[in-house]
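> Model the following, please.
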Amino acid sequence: MPYFKIKSILISLFALGAYAQDGNPLQEKIYYTLPHALEAEKATQLNLRDKQLFTVPPELGTLKDLKFLNLMRNDLEDVDRSVFKLKKLEVLILQQNFLKYIPGDIGRLSNIIRLNVSVNSISCLPQEIKNLKKMRYLHLSLNSITSLPEVIGNCKELEVLEADNNQLSYLPCSISLLKKLRILNLSYNQFNEFDPQWANLKELSELNMEFNQLKQLPPEINSLEKLTIIMLNDNKLTALPQSISDLKELRLLSLANNNITKLPDNIEKLTALKTLILTGNPLDVQEKTRIKKALPGCKVYID
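Numbering: from 1, shown residues only. Below you'll find the predicted structure:
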């Protein structure tokens, strides 16, 4: 099956990282220009996306009640210090600018719940990110990040971590402290190993590690009992551990374009599995037949 067809299947099943970027008009009024927000008594939501801004006007810092700020798709190379005066800010969107770094002042925004710095040229995160202890969503996709700081373990409320399309080859040990993490996207990176410590992420429900260099999975993967989606296509896997069949909640398993010749003998235990993608693996006819027979309630995509 062509890869573009595989992707269309996956997109129809789930959308990892689809989050509102425009604020909530049902919650409070959204302002689309700074002058209008400044005229308001207590503006809480400001959307300045696509305004061709090279800098953020210093007046922005006077909006002390602002909770939502969208600066997406501008021409920002730096984050102006006026942004860091917004102590009530809960959502900060800096996606698709020209940022090369995040200032340490980000640690002053202690009420941040969602931080989106995707699609920039960021190579690292500041140590001060440890102060964002209320942060639940962190979007780092499509940057040049080579490592995450050990202090990320201080962000214990984190539920979603999107770090796909970077240059990561490992995660800090402290990642295992993120006990509330539900979605982890590490696709399009340089991982050679699946760290057994990740098995401590007991709330994890969606794991995406497609387009890496994984050669095997640890037996401890069965500790991730809440996993419903696993994306492992386009790696270098030759087999799966028998323990993967213990994942009773698993609904989608994508293994396309690996080197797998055989699935675990007890694969029939994955009774919740609805979609299994195995295209591009050297499975013989006998094994293909066995898999389809073992999973009668599952749609199996296979060459």
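
> which residues in the protein form strands?
30-31, 45-47, 68-70, 91-93, 114-116, 137-139, 160-162, 183-185, 206-208, 229-231, 252-254, 275-277, 299-301 (DSSP state E).

> tell me which residues of the last one are tucked away?
I take that to be strand 299-301. Across strand 299-301, burial judged by 16 or more other C-beta atoms under 10 Å covers 300-301. Glycine gets a C-beta too; all of them are placed from N, C-alpha and C.

> And for stretch 182-194?
Buried-residue list, stretch 182-194, by 16+ other C-beta under 10 Å: 182-189, 191, 194.

> Could you pull up the mean pLDDT of it?
Computed over stretch 182-194, the mean pLDDT rounds to 97.

> what does stretch 205-215 give?
pLDDT averaged over stretch 205-215 gives 98.

> returning to what we had before: take the buried residues of stretch 182-194 and keep only those in helices.
Taking DSSP state H, every one of these sits outside helices.

> Between those residues, which sits nearest Asp80?
Of all the buried residues of stretch 182-194, Asp80 sits closest to Asn185, with 29.2 Å by C-beta to C-beta.

> from memory that closest one sits against Asn165, does it?
No. Here Asn185 does not reach Asn165: they are 9.3 Å apart, not a contact under C-beta atoms under 8 Å.

> got any ranges where the protein has weak pLDDT?
Along the chain, segments meeting pLDDT under 70 span 1-22, 25-26.

> Can you show me the helices along the protein?
3-13, 34-39, 285-294.

> rewinding a little: for Ile302, state which of the buried residues of stretch 182-194 is nearest.
Using C-beta to C-beta, those come closest to Ile302 at Ser187, 22.0 Å.

> Now do that closest one against Val160, distance only.
Distance of Ser187 to Val160, given as C-beta to C-beta, to the nearest Å: 14 Å.

> same check, this time on Arg73
21 Å.

> count of residues packed around Lys202?
12 (other C-beta atoms under 10 Å).

> Then Phe68?
Residues near Phe68, counting by other C-beta under 10 Å: 26.

> ok, the closest residue in space to Leu94 that isn't next to it in sequence - contacts?
Closest residue to Leu94 apart from its sequence neighbours, by C-beta to C-beta, 6 or more residues apart in numbering: Val117 at 4.9 Å. Residues near Val117 by C-beta atoms under 8 Å, 6 or more residues apart in numbering: 94-95, 99, 102, 139-140, 143.

> switch to 10 Å and redo it
79, 92-97, 99, 101-102, 106, 125, 138-143, 145 (C-beta atoms under 10 Å, 6 or more residues apart in numbering).

> Could you double-check that Cys124 sits in contact with Val151?
No. Here Cys124 does not reach Val151: they are 11.9 Å apart, not a contact under C-beta atoms under 10 Å.

> so who does Leu214 touch?
Counted by C-beta under 10 Å, 6+ apart, Leu214 has contacts 191-194, 232, 234-237, 258.

> Go again with 8 Å.
Leu214 touches 191-194, 232, 235-237, counting by C-beta under 8 Å, 6+ apart.

> What residues of stretch 137-154 count as buried?
Neighbour-count burial for stretch 137-154 [16+ other C-beta under 10 Å]: 137-143, 145, 148-149, 151-154.

> end to end, how far does that stretch reach?
14 Å (C-alpha to C-alpha, to the nearest Å).

> Measure how far it is from the centre of its chain, please.
Centre-to-centre, stretch 137-154 and its host chain are 10 Å apart (C-alpha atoms, centre = their mean, to the nearest Å).

> Ok, stretch 119-132 next?
15 Å.

> Buried residues of that stretch, list them for me.
For stretch 119-132, a neighbour-count test (16+ other C-beta under 10 Å) marks 119-120, 122, 125-126, 128-132 as buried.

> Stretch 65-83 spans what distance, first to last residue?
Rule used - C-alpha to C-alpha; the end-to-end distance of stretch 65-83 is 12 Å.

> Closest one of the buried residues of stretch 182-194 to Glu287?
Distances from Glu287 to the buried residues of stretch 182-194, taken by C-beta to C-beta, are shortest for Phe194, at 23.3 Å.
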